[in-house]
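In: Quick one, what's the 3D model for this:
(one chain, ligands or ions: 1)
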Amino acid sequence: MEILRTMPKHFDVVYVINPYMEAGLGNVDKRKAQEEWDALTRLYEELGVDYGLLEGEEGLPDMVFAANAALTFKGPNGEKSVIISNMEKKERKPESAHYEKWFRDHGYTIYKLPAHLSFSGTGDILYHHDRSFLWGGFGFRTSLETHREVERITGLEVKSLRLIDPWFYDLDTCLAPLTEDTALVYFKAFDEASQELIRNAFSDPIELTDDEARNFTCNSHHLRDRKIMIMNGRSPRVAEELQRRGYTVHASPTDEFLKAGGSVACMKMALV
Ligand code: ARG
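Out: From the prediction side, this is the model:
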């Protein structure tokens with residue numbers, strides 16, 4: 001199984017915990033959300049992506065954004081392992097227990113962080129393309145100290161990047177590391193030192209405009225070893241840039257989910 005997805009039956013925008021939700025509040029077309037989710041399901045099936053499913057829970061409308069639930073990694077003897085999130089927002093805190101149960105039932109070794117350390121899971125921690133280290137976002141949903149804990153637990157270095165723009169509250173909204181040279185990046189979301197770290201790491205970054213970034217272009221799903229990108233179809237220029245670099249790009253609209261501040265990448269949890 002490559003990814004875990006949560007069904008959108010209870011998805012909605014009923015509170016505001018990021019700037020996108022202001023306009024989204026009470027405006028979700030639930031039928032359309034289900035249709036978008038189903039179209040994405042069909043695409044995963046066409047592409048042969050093996051996914052697990054969680055039902056979702058009433059009263060947890062953001063649970064569909066599975067990326068925030070945890071970070072999976074391989075333990076020292078190759079064992080499937082997971083660090084469960086500590087959501088910063090009280091509205092989302094109860095999600096963790098449901099995901100934890102799923103991981104337990106599927107044979108994962110479970111790690112937890114001290115309660116005072118916030119952790120947004122793979123929203124804020126991304127693997128470098130070769131999995132040799134991790135990129136970590138901090139400033140909104142994850143504490144800097146959490147990065148050090150993640151290093152201790154996974155044995156992988158975390159390169160810490162400070163997020164400074166509330167529209168880009170999770171790292172997966174403004175960075176997508178793709179290869180040794182290439183990443184999708186929205187530089188303005190980072191402080192200067194972090195921008196420099198990213199520039200030094202990627203010789204061929206695809207830099208996003210404000211518009212492309214707010215349309216969640218970074219929040220695309222990269223099928224790592226297959227040079228396939230699943231995007232929400234709102235940034236044709238970036239799709240072309242990727243095609244020029246040998247990617248096959250699939251568009252799958254996520255308009256309803258954008259109202260909650262999420263898209264393709266965060267609508268799944270990557271599994272090891
Ligand atoms: N409404 C959700 C929140 O604010 C959206 C989460 C999107 N997740 C992400 N990894 N970008 O928590």
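In: okay, CA-based contacts and neighbour counts for the rest of this
Out: Will do.
In: where's the helix or strand hosting Val249 relative to the chain centroid, distance-wise?
Out: Applying DSSP states H and E as the criterion places Val249 in strand 248-251. Distance, stretch centre to chain centre, for strand 248-251: 18 Å (Cα atoms, centre = their mean, to the nearest Å).
In: Also stretch 243-258?
Out: From the chain centre to the centre of stretch 243-258 is a distance of 15 Å (Cα atoms, centre = their mean).
In: Is there proximity between that stretch and the ligand?
Out: No: Stretch 243-258 stays clear of the ligand (Cα under 6 Å from any ligand atom), getting no nearer than 8.3 Å.
In: Straight-line length of that stretch, end to end?
Out: Start-to-end span of stretch 243-258 (Cα to Cα, to the nearest Å) is 24 Å.
In: With stretch 110-121 instead?
Out: For stretch 110-121, the first and last residues are 13 Å from each other (Cα to Cα).
In: how about the helices of the chain, start to end?
Out: For the chain, the helices defined by DSSP state H cover 20-24, 30-47, 95-105, 144-154, 192-201, 210-214, 236-244, 255-258.
In: May I have the strand holding Val249 as CSV, with CA atoms only?
Out: Extracted as CSV, the C-alpha positions of strand 248-251 are listed here (Å, rounded to 0.1, in the frame of the first residue of the first chain):
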residue,chain,number,x,y,z
THR,A,248,3.6,13.0,-17.3
VAL,A,249,1.1,15.4,-15.7
HIS,A,250,-2.5,14.4,-14.8
ALA,A,251,-5.0,17.1,-13.8
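In: List the buried residues of it.
Out: By neighbour count on 16 or more other Cα atoms under 10 Å, the buried set for strand 248-251 is 249-251.
In: Comparing the helices of the chain, which comes out most buried?
Out: Neighbour counts (mean count of other Cα atoms under 10 Å) averaged over each of these peak at helix 255-258, with a mean of 23.
In: Please name every helix or strand in contact with that one.
Out: Judged by 3 or more Cα pairs under 8 Å, 6 or more residues apart in numbering; DSSP states H and E, helix 255-258 is in contact with helix 30-47.
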